[in-house]
Every structure is written in C-alpha cells, then in structure tokens.
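Chemist: could you work out the structure for the sequence below:
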Amino acid sequence: MQNKFGVLLMAFGGPDKPEAIEPFVSSLLGGKKLPPAAMEKIKERYRLIGGSSPLVKITKNQAQVLQKVLNIPVEVGLCYARPDIKKGISALIDLGVEKIIAVSLSPHYSRVSTGAYRNEVQRVMEEMKPPAEVVFARGWYDHPEAIKAYYERIKQALLQFPKKDRNDVEIIFSAHSLPTAYMAEGEPYVDELDATVRSLVQLLPGHQWHLAYQSKGGGKGDWLGPEVETVLDSLVQSGQANVLLVPLSFASDHVETLYDIDIIIKNHAKELGLNMQRSEALNDEPQFITALADIVQDIIQG
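Modeler: Take a look at the predicted model:
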C-alpha cells in the first residue's frame with residue numbers, strides 16, 4: 001500500500017453509546033451544557049432508536065470499504081465526536097502519508113457541515129504542523145455514481161408499494177433545513193440540492209416530486225421550507241395516498257433519519273392516512289463508494 005496519499009473521511013459525528021450523548025451535545029454547543037430537562041429530551045430520542053447513533057459505525061465501515069477500493073490508507077475524522085479529526089490526521093501521519101485528501105460525507109456544502117469540517121482540519125494542521133499537506137476533495141452531490149446510488153435506493157424503496165401504485169407514488173426529497181440567511185450570504189447549499197434533484201428526476205419520469213426540509217433548528221430568523229409535514233398535508237388535500245420520502249442530505253443513517261423521519265414524520269403521515277415509505281440512506285451502497293473513490297482518484301492523478 002503506497003502511503004504517499006491518504007484519505008480523511010469526514011462526517012458530522014454522533015454518540016455511539018448512551019454515555020457519549022452528553023459529550024456529543026456539548027461538543028455541538030462549543031463546550032456548553034444543556035439544562036437537564038432539554039438533555040433528557042435528547043436522550044429520549046436516542047433511546048427510541050436503540051440508545052445511540054449508528055453513524056460512527058457506518059462511517060467506519062464506509063472508510064474500510066473505500067480503503068479496499070483505493071488501496072491507500074483511509075481514516076475517519078468526526079467533527080463533533082470520536083474518532084475526531086485530529087485523531088484521523090494523526091493516524092494518517094503515523095502511516096507516513098504526505099498528502100491528505102479530505103473528503104466530506106455531507107453531500108451539499110454548508111458552513112455547519114463541510115465548512116465546519118474544513119475549519120477544524122485547518123485548525124488541527126496549524127496546531128500540529130505535520131510533514132504533510134491537505135487537499136480538500138470536491139463535493140459529490142452531482143457525481144454520476146452518487147446519483148446512481150441515490151437512484152438504486154429509490155428503486156428499492158418503490159418496491160415497498162403495491163405494484164399497481166408504484167408509478168403514481170409521489171416523491172419528497174428531504175434535506176436538512178438551514179437558516180435562509182446562509183443562502184443570502186452566498187452559501188451554495190440549495191443550489192447543490194437542486195442539482196442533485198434535477199439529476200434524479202430525469203431518472204424518475206412520471207413521478208411527481210417535491211423538495212422539502214426537516215429537522216429545523218431553534219435559532220431565530222427564517223429557515224428553509226417548506227417543511228416535510230407541510231408537503232404531506234398538501235398531498236392529502238390533493239388526494240395522494242402513496243408517498244416516498246428520500247433523505248437527500250444524509251449519507252448515513254442517524255438520529256435525523258431514524259427519529260425525525262422514521263418516528264416523527266412517519267407518525268404524522270400515518271395520522272393523515274398516507275402510506276409513506278422511506279428510501280435507505282446511502283450508507284455503504286457500492287456506487288456511492290465508487291463516487292467517493294473517483295473524486296479521490298481525480299486528485300491522485302492530478
């Protein structure tokens with residue numbers, strides 16, 4: 001294995017065990033602690049999905065598969081959990097890597113995801129001053145293999161509907177909401193989401209579709225909309241019965257798919273009398289791993 005190049009696979013992070021929930025939330029809040037009642041609500045969400053987030057395990061698996069494809073070292077670096085970005089960089093340096101290719105698992109650029117990962121990488125590199133350089137890989141939101149991976153997940157999910165209804169299933173592409181102020185300041189998040197959706201709908205002729213948002217935060221100001229629940233309400237009024245929700249801005253299953261979608265949004269759909277199903281997150285879908293490998297190879301080959 002040639003160690004000149006190595007990959008830092010970056011993700012948001014999550015608590016991989018119950019006792020990691022409080023440290024994870026504190027990391028998100030810059031070291032602050034939530035009031036006990038608020039923290040208990042968050043812990044309850046994780047209890048309802050098994051006590052922890054599968055994101056860390058999934059990300060490690062993605063790294064292992066990617067390493068086999070590329071035949072160069074791949075280490076995980078999580079922004080708000082362990083193994084953190086510093087540990088990932090240190091592991092690559094210990095392996096003799098001279099050029100670190102930093103790959104974000106967040107498909108659509110935002111300052112709170114890929115932007116935060118990049119800032120942390122730069123901070124760590126300035127602190128450590130290692131004998132290596134970092135190159136940030138481009139986003140994969142419009143990569144043909146990533147689009148195929150999303151499409152495969154959608155095709156599999158459509159099989160959950162009765163055969164006679166599949167062609168009439170309405171599709172909601174769901175993305176994490178963000179403050180609209182970010183877009184006003186030039187953030188490309190919505191533009192990149194639109195590009196992903198445009199590529200996918202070309203592969204889904206005949207299906208009506210919507211782009212909606214979920215998991216809105218509690219900050220002041222306007223957030224991206226419409227919310228998924230609002231779209232579901234309108235579909236009932238139009239007489240739609242079957243809906244497929246596609247989690248577009250999540251590369252791995254975690255609390256925002258397993259709780260926000262599978263519990264909160266699904267319960268809302270059930271109360272409306274809708275048959276709503278969800279496509280799987282990309283996780284380790286082979287064509288998704290191929291997309292990641294391609295953007296790394298583009299840098300290696302110069």
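
Chemist: bridged to the nearest residue to residue 270 once chain neighbours are set aside, which residues?
Modeler: Nearest residue to residue 270 in three dimensions, chain neighbours excluded: residue 276, at 7.6 Å (CB to CB, 6 or more residues apart in numbering). The C-beta positions use only the backbone N, C-alpha and C, and glycine is treated the same way. Counting by DSSP bridges, residue 276 forms beta bridges with residue 243.

Chemist: A strand includes residue 175, no?
Modeler: Yes - the assignment for residue 175 is a strand, going by DSSP: H, G, I helix; E, B strand; the rest coil.

Chemist: now the stretch 51-200 of the chain, which segments are flagged as low pLDDT?
Modeler: Of all residues in the stretch 51-200 of the chain, none has pLDDT under 70.

Chemist: which parts of it are strands?
Modeler: 74-78, 99-104, 133-136, 170-176 (DSSP state E, counting those that start in this stretch).

Chemist: mind putting those in a markdown table, mean neighbour count included?
Modeler: Below are those laid out as a markdown table (neighbours: other CB atoms under 10 Å):
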| stretch | mean neighbour count |
| --- | --- |
| strand 74-78 | 27 |
| strand 99-104 | 24 |
| strand 133-136 | 14 |
| strand 170-176 | 24 |
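
Chemist: which of the ones you listed sits closest to residue 56?
Modeler: strand 74-78 (6.9 Å; CB to CB).

Chemist: show me what contacts the residue nearest to residue 270?
Modeler: 232, 242, 243, 244, 245, 265, 266, 269, 270 (CB atoms under 8 Å, 6 or more residues apart in numbering).

Chemist: so it versus residue 81, what's the distance?
Modeler: According to CB to CB, to the nearest Å, residue 276 and residue 81 sit 30 Å apart.

Chemist: what do you get for residue 198?
Modeler: For residue 198, the distance to residue 81 equals 33 Å [CB to CB].

Chemist: among those two, which residue is more densely surrounded?
Modeler: Neighbour totals were compared for residue 198 and residue 81, and residue 81 leads with 22 against 11 (other CB atoms under 10 Å).

Chemist: now do the contacts for the more buried one.
Modeler: Residue 81 neighbours (CB under 8 Å, 6+ apart): 13, 14, 15, 16, 20, 23, 24, 27, 56.

Chemist: still on that earlier bit, which of the contacts of residue 276 lies closest to residue 38?
Modeler: residue 265 (21.6 Å).

Chemist: report pLDDT for that closest one.
Modeler: Model confidence at residue 265, given as pLDDT, is 99.

Chemist: how near is the closest residue to it other than its chain neighbours to residue 290?
Modeler: Leaving aside its chain neighbours, residue 265 sits nearest to residue 228 (5.5 Å; criterion: CB to CB, 6+ apart). According to CB to CB, residue 228 stands 29 Å off from residue 290.

Chemist: so which of the two has more stuff around it?
Modeler: Ranked by neighbour count (other CB under 10 Å), residue 228 and residue 290 place residue 228 first, with 27 against 17.

Chemist: the most centrally placed residue in the chain: what secondary structure?
Modeler: In the chain, the centroid-proximal residue (CA atoms, centre = their mean) is residue 250; its distance is 2.4 Å. Classification of residue 250 using three-state DSSP returns coil.
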